[in-house]
Each structure stands twice: as structure tokens, then as C-alpha cells.
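>>> Here is a sequence together with a model predicted from it:
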Amino acid sequence: MSTALSTPAAARRPRLRLSSAWLAAPAVVGVIVLFLAPVATFLLYSALTGTLYSFSADVPFTFENLSNLVANATSRALARNSLIVGTLASASALVIGIPVAYWLRYHAGRLQKVVLVLVVLTFFSSYLVRIYAWRTILGQNGVLNDTLQRIGLIDEPLQILLYSRFAVVVSLVHIITPIVVLILFAGLRPLEPRYLECAKDLGAGPLMRWRRVLLPLIAVPIASAGMLAFVMASADYVTPQMLGGPGQAMVGVEIQTQLKSLGNYPAGAALAVMALAAYAVLYSLIALGLRLLRLNKIEWGT
Amino acid sequence: MTALRRHLPHVSGVWTAGVLLFLLLPLATVVLFSFHASQGLTLPFEGFSLRWYETVLADAELKAAARNSLIVSLCVTITTFVLGTATAYGLSRARVRGRAVIVPILLTPLAVPGLFIGASLLASYDRVGLELSLLTVGLAQFVFVFPLFFVMAQIAFQRLDPAIEEAASDLGASPWQTFRRVTFQQVSPVLIGASALVFMVSFDEFLMTNFVVGVDQTVPTLVFQRIRRTVDPTSNVISSLLLTITVLVSLAALAGALLAARRRGRSLDAVQGLG
């Protein structure tokens, strides 16, 4: 203790700093061994030879898995379904979420905390429970069909509600909307109400205020929320199984089947490589678009 | 006109109310039918009963899954708490260049959807001959939740005023004492909240866990097997219990964080009182 006290502070601190980065070592090793190495291995699997039910993969290296995918009509259908569902779900979640985030930021007043807590709670409520909920609501004798019949809007139960693309998209929108709202709300935070008042005083109507002030300022949060929503929705493999119709399987379903049931790891890995490549392309396109529109580096001012 | 306008809710408020209904009504329906007196999940509601709760509470398979989930989530949360706190603290004191290399590595799992992590881990565990069990579930979930905890802990540590720590060490506190009594005290509300989040994410994780789960099921993987086959009131009961856990853990985390923040406020007052 007395030696510590007699050492000048300036001499003590650098020693602490040098050693402190080592505290991160276990976590870094953990992430490399438990995550990066497995992901790299799996991506490598896409270039190995595998057979049905072998539950492994081996040399020789081959491009057959990847070229099979491109040539194969089934895999094109999987990609198309994922693209359609991902686009519909993420676009709907944005359309639904933007006004909510706006209200929370500028009009909620005392209700802000309550509504935020409700949104966070739905965000954390079990993923499977939410899918199950839609299954009970949209079923042939489900709550929705029953109610519609009772009011007399329809005579026969609607068949397209469950086991359809509609059901898949609705439940995915239900799953991703809370996180979209939270990201957009966080994005609106730096934009003080006085910016909007300023625009209003200068004669900008509501439309003008959205187009010239709000949307440019939250373009980046909108893009990131949209990207996240798209990835979550298009990579989902539970909703197509539980709520989707025949022939509407998505990429994730096939990856799961190849890995868990058919044991053809290289085929599953090839699909994953394709999907991740598609996400990378989409991400670059969005980043490029924001840059071209000069929306990527908007200053908030103070 | 303006007075009238002030009393009318904004159009985005009406929209928000509709969205909240869309978000909450399905969950409310699930809970409502968990109390249904009859087997059917259709209206009209035929009276309240706790019979499905009795069935579920006597379900041995579910009890085993709940125990497994609890063990895994607690282990994952404790490991993440220890490693995440050490990492965030260490890096917040490290030189900038080291941080710029290490932080992106630690955050990579956030950029990869659970499906791909699960598939990768399954193939790799297989390659090294690691048999699927609760251990593989725990390892997989650790990878998945660590970045979440780390991000929050890092923000908390970076916000700290270094002057307070310097004051502590100038007053003769050892580095460990400084960390425990001063640094940790200040960040504990955030760490508690982050731990609760980690616990909930781990307890509920399905998309990745489904790949690496062995014979011993967790609650979500068991629920998936059940609801895949059929729709019946016991699934509503399990769902309602899961929703209750979500609400309780969130509220507990909030209360814990508030309590820690109040204690922290007191200890800071004490320090300031001394000065």
C-alpha cells in the first residue's frame, strides 16, 4: 500500500493500461474457436463432396454443390420465395413502424414510456409463441374466420388465411415490427422537435416536412432497420413450415432439412454461401444507394 | 380550431394504437384460450378452467426441458457476465489501436443470422466429434449472446468519468479495490439489465439451438415439436407461462437496475460528501 502511494500516478497508469487488454483475451479466443472457425469450416464445406445421409463431408474439392444450386429449379424457387417474403415483410414492417416511431418521439408525451415498454415486451416475448398465436388465429376454425363469419362478412371460412404466404408474412411482420420501431425511434432521438417547428414556421407543410426533413435525416436508420428486417424474415425457417403453404419453402427450410434430416452438409453449406452472398450484395447496394443519394453522412447539428 | 386540434389525437397516434393492437391481441388470445374450459380454440368462449394448467404442471417431459433450459441459461448468463465484464473493462482501458482490432472480432456473431450460426456449429461439432448435448447448446448460445452483453457493457464503461477512478487509486485503493468498489458500482445497473437480456435471449433462443440440441430438449425445442403437430390448449398454457417469464424477468431487471442505480447514487453522494 505504502509503495503504491509513493509511486507517482503517472508512472502507475501506463502499466495498468498495457496489461488491461489481456482481460479481453479469453473472449477473443472464445469467439475465434467457437464462432469464426466453425463458420469458416462450414463455408469450406460448400466446396467438399458429400452424399445423402453421410452427415459429413470430405475431399475432393468440387464446385458441384454451388453449380447444382444455380442450375436447379427447386433452389431458384427457394431463393424466389425467400426474396418475396423478405421484401414483403420488411417493407410492411417499415410502413407500419415509421409512424409509430414518429408518434413515440414527437407526440406521445406521458404515454411514451408505457408504449415503449409494451413494444419492448412484445420484442422479448417468445418467438415460437408468436408464431403459434397466428396459427390459432388464422386457422379454418380460428378466431379470425369465426369472428368474420359471426359478423356476416363471409359465409364460408376463408381458406387462404392459414398455410399461405399471407400467414407467413403476417407473422413475420409481427415478429420484426417491434425491433424496427425501436431502431427507428433511436434514429429519431437526435432530431429535436424544434427542427420540425422550424420547418413549419418556414412554411413547410406536413408532406414537405417528411420529404425534406424527416426522411433524409433518418435514411440510415430506415436502411439498417429494413436490412435487419429483411435478413430476419428471409432467413426464417419456422414460419414457412408452420404457416406456409405447399411449394412455399424458403432457403432456411432447405438448409435445415439438408443438415438435420438428409445429412448432406455440403449441399446445405452451398445454400448458406449463396444466401450470405446475396445478403452481402444487398447490403452493398443499400450502402451505395445511400451514398449516391448523399444520405449516408447527414450531420445532425446541435 | 387549434384548441380542437390539440384535443384530437394525432393521426400517427391512432395508427400507433392500431399497431399496438396488432402486436398485443395475438398474445392476449393465446393467454385467453389457455384458460378455456373446453378443448377447442374457437369462439364463443366456453368458460374459465385451470384444467390445462394442471395437465401442463404434471408434464414430466416439460419439467425436464424447463430444468435443462434453466441450467443452460444460467450457465450462459454467468459466463457471459464474467467474460463480458472483464472484456469490456479491459478494452475500455486499452489503447485505441488494440480496441480497433479486437472489437470488430468480438461483434461478428451479431452480423450472422442464427440459422447460419446453428448450421455452422452443427457441422463443426460433428467434425471434431463433439456429441450434441446441453454443452453444445450452451457453447452455441454463449457465442450468440456474448456480443449483446459486450456492446452494452462497453458503452457503460466508456461513459465512466476516469477522474473518479483516479481519485480512488490516489486515495490508496488497489486496482482490484478500485474496480470492485468504484468502477463496478457505477456500471452495475447496466450490467444487471444486460444480464437479464442475455438470460431471456438464451432461454428463448430457438433458431440456432434447434441445430445443436441433442436428446435433452430445451423448452423452445420441445414447444416446437409439440406445436408443429397440433394446436391444443396445453400449448397455450406453455405459451402463457413463457410470456409470464418474459414479463417477470423484464420487470425484475428493471427493478434491479433501479435499485443498483439508487445504491450507486448513495455511494457517489458519500464520496462527494467526503470531498
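Arrived safely, thanks for sending. Every value quoted in this text rests on a predicted model; they were computed, and no experiment measured them.

>>> wait, what's in contact with the residue nearest to A:Y163 when sequence neighbours are not counted?
Distance criterion CB to CB, 6 or more residues apart in numbering or on different chains; nearest residue to A:Y163, sequence neighbours excluded, is A:G245 at 4.7 Å. All C-beta atoms are positioned from the backbone trio N, CA, C, and that covers glycine. By CB atoms under 8 Å, 6 or more residues apart in numbering or on different chains, the contact set of A:G245 is A:163-165.

>>> if I read this right, A:V220 contacts A:L295, doesn't it?
Yes. Judged on CB atoms under 8 Å, A:V220 makes contact with A:L295 at a distance of 6.9 Å.

>>> mind checking which helix or strand the nearest residue to B:S92 once chain neighbours are set aside is in?
Nearest residue to B:S92 in three dimensions, chain neighbours excluded: B:F157, at 3.8 Å (CB to CB, 6+ apart). For B:F157, the host element (DSSP states H and E) is helix B:134-159.

>>> any idea of the mean pLDDT in that helix?
Across helix B:134-159, the average pLDDT comes to 93.

>>> Run through the residues that contact A:L138.
A:144-145, A:161-162, A:167, A:170, A:243 are the contacts of A:L138 under CB under 8 Å, 6+ apart.

>>> residues near residue 260, how many?
All of this refers to chain A. Counted with other CB atoms under 10 Å in any protein chain shown, the neighbours of A:K260 add up to 15.

>>> My question was about chain B, not that one.
Neighbour count of B:A260, defined by other CB under 10 Å: 19.

>>> what residues are up against it?
B:A260 sits next to B:188-189, B:192 when contact means CB under 8 Å, 6+ apart.

>>> and those near chain A, which?
Contacts with chain A within those, counted by CB under 8 Å from any CB of the partner chain: none were found.

>>> Make a markdown table from those and add secondary structure to it.
Shown next, in a markdown table, are the contacts of B:A260 (DSSP: H, G, I helix; E, B strand; the rest coil):
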| residue | secondary structure |
| --- | --- |
| B:S188 | helix |
| B:P189 | helix |
| B:I192 | helix |
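
>>> about what we covered before: right, and the residue nearest to B:S92 touches B:T87 too?
No. Under the criterion of CB under 8 Å, B:F157 makes no contact with B:T87, lying 9.9 Å away.

>>> So which of those two has more stuff around it?
With neighbours defined as other CB under 10 Å, B:F157 and B:T87 compare such that B:T87 has more, 29 against 22.

>>> For whichever strand or helix holds the more buried one, which helices and strands make contact with it?
Element membership for B:T87 (DSSP H and E) is helix B:60-92. Packing partners of helix B:60-92 (3 or more CB pairs under 8 Å, 6 or more residues apart in numbering or on different chains; DSSP states H and E): helix A:9-20, helix A:25-31, helix B:96-111, helix B:134-159, helix B:184-204, helix B:219-229.

>>> Remind me what the next helix or strand after the fourth one packs against, helices and strands.
Along the chain past helix B:134-159, the next helix or strand (assigned with DSSP H and E) turns out to be helix B:162-170. Helix B:162-170 is packed against helix A:9-20, with contacts defined by 3+ CB pairs under 8 Å, 6+ apart.

>>> average pLDDT for the helix it packs on?
For helix A:9-20, mean pLDDT is 50.

>>> By proximity to chain A, which residue of the stretch 1-150 of chain B wins?
For the stretch 1-150 of chain B and chain A, the shortest gap (CB to the nearest CB) falls at B:G90, measuring 2.7 Å.

>>> tally of neighbours for A:V95?
By other CB under 10 Å, the residues close to A:V95 number 11.

>>> who's in contact with the residue nearest the centre of chain B?
Per CA atoms, centre = their mean, the C-alpha nearest to the average position across chain B is that of B:L197, at 2.4 Å. For B:L197, the contacting residues are B:148-149, B:152, B:253, by CB under 8 Å, 6+ apart.

>>> Rebuild the residues you listed as a markdown table, extending it with neighbour count.
Conversion of the contacts of B:L197 to a markdown table gives the following (neighbours: other CB atoms under 10 Å in any protein chain shown):
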| residue | neighbour count |
| --- | --- |
| B:L148 | 19 |
| B:F149 | 24 |
| B:M152 | 20 |
| B:A253 | 19 |
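
>>> Out of the residues you listed, flag the one nearest to B:F206.
B:L148 (16.3 Å; CB to CB).

>>> For the residue nearest to A:R165 when sequence neighbours are not counted, grab phi and psi.
Closest residue to A:R165 in three dimensions, ignoring its sequence neighbours and counting by CB to CB, 6+ apart: A:Q248, at 5.8 Å. Taking degrees, to the nearest 10, you get phi -110, psi 20 for the backbone angles of A:Q248.

>>> thought A:Q248 was touching A:P240?
Yes. Between A:Q248 and A:P240 there is a contact at 5.9 Å, judged by CB under 8 Å.

>>> which residues touch stretch B:226-239?
For stretch B:226-239, the external contacting residues (CB under 8 Å, 6+ apart) are A:126, A:128-129, A:131-133, A:135-136, A:139, A:241-242, B:30-31, B:33-34, B:36, B:39, B:41, B:52-53, B:55-56, B:59, B:62, B:219, B:223.

>>> what bits of the stretch 1-150 of chain A have low per-residue confidence?
A:1-19, A:52-54, A:56, A:59 (pLDDT under 70).

>>> ok and the residue in it nearest chain B?
In the stretch 1-150 of chain A, no residue comes nearer to chain B than A:L23, which is 2.7 Å away by CB to the nearest CB.

>>> measure that residue to B:S92 for me?
Computed as CB to CB, to the nearest Å, the A:L23 to B:S92 distance reads 10 Å.

>>> roughly how far apart are A:D155 and A:S234?
Separation of A:D155 from A:S234 (CB to CB) stands at 36 Å.

>>> ok, the two, which is more surrounded?
A:S234 (26 against 7).

>>> circling back: take the contacts of B:L197 and write them to a markdown table, including distance to chain A.
Shown next, in a markdown table, are the contacts of B:L197 (distance: CB to the nearest CB, whole Å):
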| residue | distance to chain A |
| --- | --- |
| B:L148 | 12 |
| B:F149 | 10 |
| B:M152 | 14 |
| B:A253 | 10 |
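
>>> Give me the pLDDT value at the residue nearest to A:R165.
With respect to pLDDT, A:Q248 scores 84.
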